[in-house]
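**Q** sequence and predicted model, in that order:
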Amino acid sequence: MKESKFHILIVDDVDENRFALESLLDEEIENLIIYQASSGHEALDIVLGKPIELIILDIQMPGMNGFEVARLLKSKKNTSDIPIVFLTAVFKSEAFQQEGFDIGAIDYMTKPIDEHQMINKIKLYLQVYRKEKELEKLNNELESINLTLEERVISEVKKNRQKDKMLEIQSRHAEMGEMIGAIAHQWLQPLNTIGLYVQNLNMKYKRGLINEDMMDGFQNNMMKQIKHMSDTMNDFRNFFKPTQKSKFSLKSSIKDVVYLIEKQYSTNDIIIDISCLNDGKICGYENEFKQVILNIFNNAKDAMIEREIEERKIVVKIFKEGTKEIILIRDKAGGIPIDIVNRVFEPYFTTKHDKGTGVGLYMSKNIIEKIGGNISVQNIENGAEFRIEVNECEEGYF
Ligand SMILES: Nc1ncnc2c1ncn2[C@@H]1O[C@H](COP(=O)(O)OP(=O)(O)OP(=O)(O)O)[C@@H](O)[C@H]1O
Ligand SMILES: [Mg+2]
């Protein structure tokens, strides 16, 4: 790489001095651009307009003297770091030298000078200044990289949060859609019963059999059915309410889920078999946990229906391994194709086209990891096995 030129300013009111110095420097140092000023004012003008990297400054000059020029340059932000070397034939005393250094000069040379030594020093000063400038530039670049990096990290984190919020809403909508199907099934029986009672009432009226006892019985039975329907509706509504962190039983939580969906599942000939070796308790958000279980059940249900599986059974096992509570949920729906089994927890990954959003398992993973647990899946004899591991809740936690 070609070295860029060094810019030097020589300030001296005596023309011969300037020209002699210029030709000496020109001869001895490569890549120089030399400017000359015959007075302090001229020097200031040049410094402001050119990229000066070293100033060789005479002291005794008419008008502004060298010390005054140096003081002015050192007091201005843009010029304060330009190295100044005083060169004088007159002001040789220690006191003047001290003053020169006090102003901020890097050297104070007195005539007659050792040319060889002066050239070496000037070369060195130029190199050091260049390096300092490069370092400063690098630092500034680094600082701005750090700054943009920080900004990017903050904006990515924000975007991720928004994405997760959206996914959560989508997954909730999908589950609510499924739940409407389950409610419809739960309501089917009481609606049929109400229908039969109403027909029966009409028949009895036509035969003139209606009396007060009969009407009381009718009202009681109707109210029972209506209460059942309203309880079911409340169960479903509660299912989607966010819950506080609490200690809850895995078994009863999973049973609550089964209770909500069993009517719908039995119409599709699906049974859920729960075996519980240990009624473990975990700490977490119970409704969110139930949604995880529901999503795994619904995935098994979808696979069994789509693939027209004969043996429609979902087996749930709850047991303990060390300090961990383990839940295994197995089906015999044929399993997850080997090429996609590693992708089912990705957001929007679905094989159900318009019928699935693909966020169910992604959200399930988020929910389980939020309480320090782990969820995984593997294929086992003719089906899929989901495994959820969560730390048991310590005694007295709540
Ligand atoms: N038990 C299973 N048997 C076979 N494939 C499964 C099973 N569970 C999950 N999958 C596969 O994993 C994919 C992702 O499941 P996930 O629950 O994340 O989304 P989805 O069910 O497709 O849509 P939704 O957002 O409505 O739940 C499913 O589309 C399906 O291909
Ligand atoms: Mg799903």
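**A** Received it, and whenever you're ready, just let me know what you need. Ligands and ions are numbered 1, 2, ... in the order given.

**Q** which stretches of the stretch 51-200 of the chain form strands?
**A** 54-57, 84-88, 107-110 (DSSP state E, counting those that start in this stretch).

**Q** and the stretch 101-250 of the chain, which residues reach ligand 2?
**A** Within the stretch 101-250 of the chain, no position lies close to ligand 2 (Cβ under 5 Å from the ion). For the C-beta atoms, the positions are set from N, CA and C on the backbone; glycine is no exception.

**Q** what is the burial count for whichever residue of the stretch 251-398 of the chain sits closest to ligand 1?
**A** Of all residues in the stretch 251-398 of the chain, Gly360 sits closest to ligand 1, at 2.5 Å by Cβ to the nearest ligand atom. A count of neighbours around Gly360, defined by other Cβ atoms under 10 Å, yields 27.

**Q** kindly report the same for Gly104.
**A** So Gly104, with other Cβ under 10 Å, has 16 neighbours.

**Q** give me phi/psi at it?
**A** When read as degrees, to the nearest 10, the backbone of Gly104 gives phi 120, psi 10.

**Q** cool, and Ile326?
**A** phi -120, psi 140.

**Q** from now on call the first residue 280
**A** With 280 as the first residue, the last one maps to Ile605.

**Q** what about it, distance to ligand 2?
**A** 21 Å (Cβ to the ion, to the nearest Å).

**Q** next: Leu475.
**A** Leu475 is 37 Å from ligand 2, by Cβ to the ion.

**Q** contacts only, for the residue of the stretch 530-677 of the chain closest to ligand 1.
**A** Counting by Cβ atoms under 8 Å, 6 or more residues apart in numbering, Gly639 makes contact with 450, 453-454, 574, 577-578.

**Q** ranges for the helices of the chain?
**A** 294-307, 319-328, 345-354, 373-382, 394-485, 491-518, 529-546, 565-585, 639-649 (DSSP state H).

**Q** export these as a markdown table, with columns for mean pLDDT and distance to Thr630.
**A** A markdown table is the format used below for those (pLDDT from 0 to 100; distance: least, Cβ to Cβ, whole Å):
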| stretch | mean pLDDT | distance to Thr630 |
| --- | --- | --- |
| helix 294-307 | 94 | 79 |
| helix 319-328 | 95 | 71 |
| helix 345-354 | 96 | 74 |
| helix 373-382 | 94 | 79 |
| helix 394-485 | 87 | 15 |
| helix 491-518 | 89 | 26 |
| helix 529-546 | 92 | 21 |
| helix 565-585 | 94 | 9 |
| helix 639-649 | 91 | 12 |
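
**Q** pull the number of nearby residues for the residue in the stretch 280-429 of the chain positioned nearest to ligand 1.
**A** Relative to ligand 1, the nearest point of the stretch 280-429 of the chain is Leu428 (33.1 Å; Cβ to the nearest ligand atom). By other Cβ under 10 Å, 10 other residues sit near Leu428.

**Q** ok, back up a step: compare the helices of the chain and report which one is nearest to Glu671.
**A** Among the helices of the chain, the nearest to Glu671 by Cβ to Cβ is helix 529-546 (9.7 Å).

**Q** which residues sit against that closest one?
**A** Residues outside helix 529-546 that contact it (Cβ under 8 Å, 6+ apart): 458, 460-461, 463-465, 467-468, 514-515, 518, 550-551, 553, 555, 558-561, 565, 568-569, 572-573, 576, 580, 595, 597, 604, 606.

**Q** put the alpha carbons of that helix into CSV.
**A** Below are the C-alpha coordinates for helix 529-546, written out as CSV (Å, rounded to 0.1, in the frame of the first residue of the first chain):
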residue,chain,number,x,y,z
LEU,A,529,-50.2,-32.8,37.5
LYS,A,530,-52.8,-35.6,37.7
SER,A,531,-55.7,-33.4,38.5
SER,A,532,-54.6,-30.8,36.0
ILE,A,533,-54.5,-33.4,33.2
LYS,A,534,-57.8,-34.8,34.3
ASP,A,535,-59.4,-31.4,34.0
VAL,A,536,-58.3,-31.2,30.4
VAL,A,537,-59.6,-34.7,29.7
TYR,A,538,-62.9,-33.8,31.3
LEU,A,539,-63.4,-30.9,28.9
ILE,A,540,-62.7,-32.9,25.8
GLU,A,541,-63.8,-36.5,26.5
LYS,A,542,-67.2,-36.1,24.9
GLN,A,543,-65.7,-34.8,21.7
TYR,A,544,-63.1,-37.5,21.8
SER,A,545,-65.5,-40.3,22.5
THR,A,546,-67.6,-39.3,19.4
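
**Q** now the angle from it to helix 565-585?
**A** 30 degrees (axes from the mean of the first three to the mean of the last three Cα atoms, to 10 degrees).

**Q** now do the buried residues in helix 529-546.
**A** Buried positions in helix 529-546, judged by neighbour count with 16 or more other Cβ atoms under 10 Å: 529-530, 532-537, 539-544.

**Q** how near is the residue nearest to the spatial centre of the chain to Glu430?
**A** Nearest to the centroid of the C-alpha atoms of the chain, with distances taken as Cα atoms, centre = their mean, sits Val436, at 2.9 Å. Val436 is 11 Å from Glu430, where distance means Cβ to Cβ, to the nearest Å.

**Q** what does Ile398 give?
**A** Ile398 is 48 Å from Glu430, where distance means Cβ to Cβ.

**Q** so which of those two has more stuff around it?
**A** Taking neighbours as other Cβ under 10 Å, Ile398 and Glu430 compare with Ile398 leading, 16 against 10.

**Q** shouldn't that one be in contact with Asp305?
**A** No. Contact criterion Cβ atoms under 8 Å: Ile398 and Asp305 do not qualify, at 11.0 Å.

**Q** could you check stretch 612-624 against ligand 2 for contacts?
**A** No. Counting by Cβ under 5 Å from the ion, ligand 2 is not contacted by stretch 612-624; separation bottoms out at 9.0 Å.

**Q** up against ligand 1, what does the stretch 480-629 of the chain have?
**A** The stretch 480-629 of the chain comes close to ligand 1 at residues 574, 578-579, 582, 610, 612, 615, 623, 628-629, as judged by Cβ under 6 Å from any ligand atom.

**Q** let me have those in CSV, extended by neighbour count and distance to Lys356.
**A** Listed next are those as CSV, based on neighbours: other Cβ atoms under 10 Å; distance: Cβ to Cβ, whole Å:
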residue, neighbour count, distance to Lys356
Asn574, 22, 64
Asn578, 24, 67
Ala579, 26, 72
Ala582, 20, 72
Asp610, 27, 74
Ala612, 23, 75
Ile615, 19, 67
Val623, 20, 61
Phe628, 16, 58
Thr629, 17, 62
